[in-house]
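*Asks:* got a sequence here, can you build the structure:
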Amino acid sequence: MKTDDRELIYLYRTEALQSAFDILYENYFDRLISATYNYYLNAFNKALNFEISDIKSFCFNNFIKIINEFNLNSNKYNFSQYLFIVNRSYFRDYLIHELNTSGNHVLNVAFSLNETNNQYISETQHSNDENKLTLNILIKQIIDYVKHYALNILNDKQLSVFNLWINGSDFEKIHKETCIGLNKVINIVRSMAKKINYAIAYKFNLNIKFLPYNFCLKIQGF
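*Replies:* Here you go, the predicted structure:
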């Protein structure tokens, strides 16, 4: 008679039964590696130079962890569903963490400060494809974070300015579309950009002492 996953997990946890673990491993581990590697290729396109051996190691540690944390008393998910969902969540969080903590290196490779005109000059055209991809993913993470952060710190008037500004509108266009005075628009942008840039530097561990007010625009290519 075939033993179901919950019983195998119970036996492994309570009796350290290796044969129970082996059955779970044989049933799921190869598929877990394949699903994780495909997710990595499709979502991150080798941005972090992971090899299949790195993913196998990561999945193996997760596999044991998920077996031990799976709730045997809940019928919300079966083990197979829980395994693949939670492993992907752990893997995604790990990849994003790695990209965020490498932000200092990536941004310093991609942007340099021109002391003459005080502007960040994009140097991505001199980077290899791998650095460009890593940078693009990091930029998306930064902009997504900025938009979420803005919702929490800006009032309605500031937010109306922000939504136009973050999408590349100049001061004159923002002034016309919001009916806010031009000088007021400039002051709002510079004030909110200062707060946002402090948050970016802190959140993404950027070892950059100065971020220009239009940093969010520059990294998007505006």
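*Asks:* pull out the buried positions in the longest helix along the chain.
*Replies:* Secondary structure of the chain per DSSP state H: the longest helix is helix 18-44. Using 16 or more other Cβ atoms under 10 Å as the test for burial, helix 18-44 gives 20-21, 23-25, 28, 32-33, 35-37, 39-40, 44. No exception for glycine: its C-beta is placed from N, CA and C like everyone else's.
*Asks:* buried set for stretch 214-222?
*Replies:* Asn214, Phe215, Cys216, Leu217, Ile219.
*Asks:* report all helices and strands that the helix or strand harbouring Asn61 contacts.
*Replies:* Assigned by DSSP states H and E, Asn61 belongs to helix 52-69. Packing partners of helix 52-69 (3 or more Cβ pairs under 8 Å, 6 or more residues apart in numbering; DSSP states H and E): helix 5-15, helix 18-44, helix 79-101.
*Asks:* can I get those helices in JSON lines with distance to Phe63 and mean pLDDT?
*Replies:* What follows is the helices and strands packed on helix 52-69, written out as JSON lines (distance: least, Cβ to Cβ, whole Å; pLDDT from 0 to 100):
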{"stretch": "helix 5-15", "distance to Phe63": "11", "mean pLDDT": "93"}
{"stretch": "helix 18-44", "distance to Phe63": "6", "mean pLDDT": "89"}
{"stretch": "helix 79-101", "distance to Phe63": "7", "mean pLDDT": "86"}
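*Asks:* redo those helices as JSON lines? Include distance to Tyr145.
*Replies:* Below are the helices and strands packed on helix 52-69 laid out as JSON lines (distance: least, Cβ to Cβ, whole Å):
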{"stretch": "helix 5-15", "distance to Tyr145": "37"}
{"stretch": "helix 18-44", "distance to Tyr145": "17"}
{"stretch": "helix 79-101", "distance to Tyr145": "9"}
